[in-house]
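In: Here is my input, please return the structure:
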Amino acid sequence: MMRLDRYLCETAGLTRSQAGKAVRAGRVTVNAIAVRKPDQKLDEQADRVTLDGSVCVYRRHRYYLLDKPTGVLTATEDRTQPTVLDLFPAEIRRQGLFPVGRLDKDTSGLLLLTDDGDFAHRVISPKSGIKKVYLAQVEGKLTQDDVCAFANGLVLRDGLRCLPAELEIINPSLARITVQEGKYHQVRRMLAACGKTVLTLRRISIGGLCLDSDTKAGHFRELTENDLCILFNGSLLEK
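Out: Here you go, the predicted model:
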């Protein structure tokens, strides 16, 4: 059971004060009956709540897709630089979101945010086999030797061994790179190990979930159950 004002905070993005005022003003119904007590208890899974006539749907966890721009930190807060959470309105920031993995400041593209730790671990863990795909523009020319080096599993300059990855040459300086892990600056470091400097790097997919071709930097949307199935390549998200 959950207090009505807390339910409104979690489903409508209201503060506790705003939720209380909405209830006392008669703007909220529970199972088609107007209520005036913010501390009224309800079953968040079974009861039907509306605010100003719109149904407030309870979800245990929230999942968002963001097209991260360059120049923005993958962090929840920073005193001096903008973070990915700054791209969301206050009512969504209050949901307790955090990034799933990271993209460095100079990398753009698909980033997931959630309040579900189990989900984040499943996406990040190499054991899940969830592939992440990037487009990398490099200085110089890519070769078949680079393709083979990625396929064999690179050893980075600091001795870190990477799992085998796929490098597909699109043109001499542009590649599509697929990895199953997310070590610190991994794609950039793998290319550096091949003597290539990255000019631009963009993540275009995670698992079966891809950025739309017309997505603009900074755009975000909440994921649907179907999106979550696509992300995990058709396997339903474990509850």
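In: Thr11 is in contact with Tyr58, isn't it?
Out: Yes: counting by CB atoms under 8 Å, Thr11 does reach Tyr58; the two are 5.4 Å apart. (C-beta placed from N, C-alpha, C; glycine too.)
In: who touches both of those two?
Out: Residues touching both Thr11 and Tyr58 (CB atoms under 8 Å, 6 or more residues apart in numbering) are Val49.
In: residue contacts, the closest residue to Val55 other than its chain neighbours?
Out: Spatially, and ignoring its direct neighbours in sequence, Val55 is nearest to Arg48 (6.6 Å; CB to CB, 6 or more residues apart in numbering). For Arg48, the contact set (CB under 8 Å, 6+ apart) comprises 30-32, 55.
In: Also Gly153?
Out: Gly153 touches 161-165, counting by CB under 8 Å, 6+ apart.
In: repeat that with 10 Å
Out: 161-165, 190 (CB atoms under 10 Å, 6 or more residues apart in numbering).
In: Equivalent analysis for Leu209, please.
Out: With the criterion set at CB under 10 Å, 6+ apart, Leu209 makes contact with 65, 110, 112, 123, 130, 223, 227-233.
In: Where does the record place the domain boundaries for this protein?
Out: 2-55, 63-126+209-231, 131-206 (automatic domain parsing).
In: Could you export those as a markdown table, including mean pLDDT?
Out: Formatted as a markdown table, these follow (pLDDT from 0 to 100):
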| stretch | mean pLDDT |
| --- | --- |
| domain 2-55 | 92 |
| domain 63-126+209-231 | 92 |
| domain 131-206 | 94 |
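In: Convert the C-alpha atoms of stretch 27-44 to PDB, please.
Out: C-alpha atoms of stretch 27-44 as PDB (Å, rounded to 0.1, in the frame of the first residue of the first chain):
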ATOM      1  CA  ARG A  27      -8.300  17.400  -8.700                       C
ATOM      2  CA  VAL A  28      -7.600  13.700  -7.900                       C
ATOM      3  CA  THR A  29      -9.800  10.700  -8.000                       C
ATOM      4  CA  VAL A  30      -9.200   7.100  -6.900                       C
ATOM      5  CA  ASN A  31     -11.400   4.600  -8.600                       C
ATOM      6  CA  ALA A  32     -13.600   7.400 -10.000                       C
ATOM      7  CA  ILE A  33     -14.200   8.800  -6.500                       C
ATOM      8  CA  ALA A  34     -12.800  12.300  -5.600                       C
ATOM      9  CA  VAL A  35     -10.600  12.200  -2.600                       C
ATOM     10  CA  ARG A  36      -9.300  15.000  -0.300                       C
ATOM     11  CA  LYS A  37      -6.800  13.300   1.900                       C
ATOM     12  CA  PRO A  38      -3.200  13.200   0.700                       C
ATOM     13  CA  ASP A  39      -2.300  10.400   3.200                       C
ATOM     14  CA  GLN A  40      -5.000   8.100   1.900                       C
ATOM     15  CA  LYS A  41      -3.600   4.600   1.200                       C
ATOM     16  CA  LEU A  42      -4.100   2.900  -2.100                       C
ATOM     17  CA  ASP A  43      -3.000  -0.300  -3.900                       C
ATOM     18  CA  GLU A  44      -0.600   1.100  -6.500                       C
END
